[in-house]
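S.K.: all I have is the shape, not the residue letters:
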DNA sequence: TTACACCTTGCAGTAGATATAAGGTCAAGG
DNA sequence: CCTTGACCTTATATCTACTGCAAGGTGTAA
């Protein structure tokens, strides 16, 4: 019924350290403890942490997730905030894909450069002709 | 002829702090100083920093760049090392593009979800139906 | 009893910078 | 001569999202 931190971690595929970290930064409430001081998590905690994990998977930062949880605590629907965060993230991802695609082309070109002028022919005024040919 | 850190930074589109940081981690040698202690950079320093910037643009980590510069200092051609680093990076970039593309699809789906069930209809047992629908 | 897995806290480290504080230098204008 | 402002100095903290480690406590099974 009640889980210790290792069990909770395993259940969600997280590191126990990560869960403690989330608690420290206020993303998770302080849980109940056993007499020996072990953290004990209830279903509610499991749900909350699952939510955090999903939100991370959706690309929200921990800061944004904290915001969303704050909405929840105030009894407000965070959905419009979430929608905004997701839209921002989607745009960023789009930009990243564009960047990386250009970058990949450049890397392939550099790799070609490496083949063209073989290694060993170092000139003293150059660090490396491959890098030197970066555009 | 000789540049102060701000001029060097502007010339290369870098932050002066970044240049000091590079010096601190041993990527750049300690430059000459004026009597007042201001750093003075020569053409050689400019070339070296330009190289570092290019290598960063090529996706090498600062650690890898350090390696490459060490080759240079030993009078060896770093090109085969560089070729390896670039190949590794290219593979990684490919993986990232694949990941991000999947992720973008998921974000778009989530955005669609947000439209489907309008905000305001919060149920008490849920944090946010958008996030809850993350796969 | 001893081995072992698990838990605790606290602190340090990662990459690659960027920001801030508190102060020194230098040239121009009033 | 003095001030203003841009620039420089160092040292330290901050950012993100964790991860690792040390030193020790707990709980159970052989």
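M.R.: That came in fine, so what should we check first? What you see is a predicted model; the values in this text were computed from it and never measured.
S.K.: pick out the least confidently modelled helix or strand of chain A, by mean pLDDT.
M.R.: Every helix and strand of chain A was ranked by mean pLDDT, DSSP states H and E. The lowest is helix A:129-132, at a mean of 68.
S.K.: distance check, residue A:14 against chain B.
M.R.: Counting by C-beta to the nearest C-beta, to the nearest Å, the separation of residue A:14 from chain B is 15 Å. For the C-beta atoms, the positions are set from N, CA and C on the backbone; glycine is no exception.
S.K.: pLDDT value on that residue, please?
M.R.: Looking at residue A:14, its pLDDT reads 94.
S.K.: buried ones in the lengthiest helix in chain A?
M.R.: Criterion DSSP state H: the longest helix present in chain A is helix A:79-116. Counting neighbours by 16 or more other C-beta atoms under 10 Å in any protein chain shown, one finds that the buried residues in helix A:79-116 are A:79, A:81-83, A:85-86, A:89-90, A:93, A:96-97, A:100, A:103-104, A:106-107, A:110-111, A:113-114.
S.K.: again, but for stretch A:72-81
M.R.: Applying 16+ other C-beta under 10 Å to stretch A:72-81 flags A:72, A:77-79, A:81 as buried.
S.K.: give me the lowest-pLDDT entry from the residues you listed.
M.R.: Among the buried residues of stretch A:72-81, pLDDT bottoms out at residue A:77, giving 65.
S.K.: wasn't residue A:35 part of a strand?
M.R.: No - using DSSP: H, G, I helix; E, B strand; the rest coil, the assignment for residue A:35 is coil, not a strand.
S.K.: and the gap between it and residue B:92?
M.R.: Remark: distance between residue A:35 and residue B:92 (C-beta to C-beta, to the nearest Å) = 48 Å.
S.K.: ok, now residue A:108?
M.R.: Taken as C-beta to C-beta, the span from residue A:108 to residue B:92 is 13 Å.
S.K.: show me what contacts residue A:47?
M.R.: residue B:127 (C-beta atoms under 8 Å, 6 or more residues apart in numbering or on different chains).
S.K.: now do it, the pLDDT please.
M.R.: Residue A:47 is given a pLDDT of 90.
S.K.: ok so it is a helix residue?
M.R.: Yes - checked against three-state DSSP, residue A:47 lies within a helix.
S.K.: once you drop chain neighbours, what's closest to residue A:46?
M.R.: Nearest residue to residue A:46 in three dimensions, chain neighbours excluded: residue A:8, at 6.5 Å (C-beta to C-beta, 6 or more residues apart in numbering or on different chains).
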